[in-house]
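J.: Quick one, what's the 3D model for this:
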Amino acid sequence: MRINIPNLLTWARIALIPVFIGIFYLPDGWMGMAQKNLLAMTLFVAAAITDWLDGYLARVLRQVSAFGAFLDPVADKLMVATALIMLVQLSRVDVLIAIIIIGREITISALREWMARVGESTSVAVAYIGKLKTTAQMSAIPALLYDEPLLGIDLRLIGSVLIYIAAALTLWSMGYYLNRAMPTLAKREE
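T.: Below is the predicted model:
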């Protein structure tokens, strides 16, 4: 494993997960719910920014590594899954939505790993629909974490609409990737 700035940022993102969870378990006397929401949303947004930053720095500094390519999506999925589980616990996201999104992430990660083993990873490379899903998801989660009106805008409503859009795009993108993999899957079953 190469220690470099992009990999350190990815590790920092993973290290933020227990801090992110811990915020909601602080005694109310230490921090009110509005402050917990703001801090959790800020940490989530910081993690999202470091996700972009580590990829950018890896390319610019020519510090792309196989380990970084493996760890980066794992860190992303851990942070998103953690946020969704916390939002379910806070009754801000329906459990079915969380299951759909987390289940898709596990399924597509396993599919990508298998396709890479059989030399067909380009068949399931990130597609535009996956990017749309990620955009909806990464917009919905901070809004749902913040959970307060902002400048008269109902962020919970916006976050709720966006998370349902993200779930629909999640199912669509999973179908897309599975469809792309079907010829290889069928060939391997013969």
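J.: can you list the domain ranges for the protein.
T.: 1-91, 94-190 (automatic domain parsing).
J.: can the ones you listed go into a markdown table with extra columns for mean pLDDT?
T.: Compiled in a markdown table, those are given as follows (pLDDT from 0 to 100):
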| stretch | mean pLDDT |
| --- | --- |
| domain 1-91 | 89 |
| domain 94-190 | 86 |
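J.: Could you export those as CSV, including mean neighbour count?
T.: All C-beta spots, glycine's among them, are computed from the backbone N, C-alpha and C. Supplementary listing: these in CSV, determined by neighbours: other CB atoms under 10 Å:
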stretch, mean neighbour count
domain 1-91, 16
domain 94-190, 16
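J.: How about Leu26, nearest residue that isn't a chain neighbour?
T.: With CB to CB, 6 or more residues apart in numbering as the measure, Lys36 is the residue that lies nearest to Leu26, at 6.6 Å, once sequence neighbours are left out.
J.: same for the host helix or strand of the one you found, what does it pack against?
T.: Taking DSSP states H and E as the definition, one finds Lys36 inside helix 33-60. Using 3 or more CB pairs under 8 Å, 6 or more residues apart in numbering; DSSP states H and E as the contact criterion, the neighbours of helix 33-60 among helices and strands are helix 5-23, helix 66-89, helix 128-146.
J.: Go through these and name the closest to Thr42.
T.: Set against Thr42 and scored by CB to CB, these come closest in helix 128-146, at 8.8 Å.
J.: Check the gap between the residue nearest to Val19 when sequence neighbours are not counted and Val88 for me.
T.: Setting aside the residues directly before and after it, Val19 is nearest to Leu43 in space (CB to CB, 6+ apart), at 6.5 Å. In this structure, Leu43 and Val88 are separated by 18 Å, where distance is defined by CB to CB, to the nearest Å.
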